[in-house]
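Peer 1: structure, please.
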Amino acid sequence: MRGRRVVAVAGRAAVLLAVVVVIPACAPKRPRVRAAAPVPVARSDWPRPEVLDAAMRAWECGRQEGDFDSSLLTVVDYSLPSTERRLWVIDVPRHLVINHEFVAHGRGSGENQAMSFSNQPGSLQSSLGLFRTEDTYFGGEGYSLRLRGLEPGVNDRAMERRIVVHGADYVSPSMIAEYGRLGRSWGCLALSRDVASSVIDRIKGGSAVFAYYPDPDWMQTSQFLRCDGSRLARR
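Peer 2: From the prediction side, this is the model:
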């Protein structure tokens, strides 16, 4: 059975409309693992306030400057371990969380906890900052979604690095039960095979993806978090 978690928000109060827990059926390619354990419970059905605030500020800045063709905002909180659901797809005008999923980080970024991030090819690390979703294609990881990094020096080599959204067998509760963490990508946002296609179809074609970690240098210099008009003035 497939389902999804839907959350409606009126003002600051969150009202849970429906919850159906999805247990991914796929298992990692290697090695064979034990039966899936219960899905870990996330800290919140929404991103933490400081993460959501940063994501909304970045999204609004990009929207004002015409970077997005969609009102959807995908938030990834890399300050959470991979054993927690740390990716949210949010319909901003309707105040709805329409997906809340596990997502893997790059193997160069850390084990269960991502600790370092890079814009460099070959680093196998995840990148921070604001991205725009582009087109889809079928590649080595199956159905995938290209991401264009919008922040110079932070994630603007995402296309060159082939940083995409794709499904992976190593993103599953079974992997967590066996190894205490998800598997890791080469820097891509890897989702469970069970949800990857539906998430990709939902967010493709010009929506925002915001990858967060409390890195002080990035948070102090990101033009999307300050939104002082400097990007627009240079166009």
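Peer 1: list the contacts of the residue nearest to residue 101 when sequence neighbours are not counted.
Peer 2: Distance criterion C-beta to C-beta, 6 or more residues apart in numbering; nearest residue to residue 101, sequence neighbours excluded, is residue 87 at 4.7 Å. In this view, the C-beta of every residue, glycine as well, is placed from N, C-alpha and C. Counting by C-beta atoms under 8 Å, 6 or more residues apart in numbering, residue 87 touches 74-77, 99-103, 189, 191.
Peer 1: of the residues you listed, closest to residue 177?
Peer 2: residue 102 (12.7 Å; C-beta to C-beta).
Peer 1: how about residue 118, secondary structure?
Peer 2: What DSSP: H, G, I helix; E, B strand; the rest coil gives for residue 118 is coil.
Peer 1: remind me which helix or strand the residue nearest to it when sequence neighbours are not counted belongs to.
Peer 2: The shortest distance from residue 118 to any non-neighbouring residue, by C-beta to C-beta, 6+ apart, is to residue 125 (3.9 Å). Counting by DSSP states H and E, no helix or strand carries residue 125.
Peer 1: can you pull the pLDDT of residue 125?
Peer 2: Per-residue pLDDT puts residue 125 at 98.
Peer 1: equivalent analysis for residue 227, please.
Peer 2: 86.
Peer 1: in contact with it, which residues?
Peer 2: Counting by C-beta under 8 Å, 6+ apart, residue 227 touches 57-58, 60-61, 64.
Peer 1: what helices or strands is the longest strand anywhere in the chain leaning on?
Peer 2: The single longest strand within the chain, with elements called by DSSP state E, is strand 129-139. Packed against strand 129-139 by the contact rule (3 or more C-beta pairs under 8 Å, 6 or more residues apart in numbering; DSSP states H and E) you find helix 49-64, strand 142-149, strand 164-168, helix 193-203, strand 208-212.
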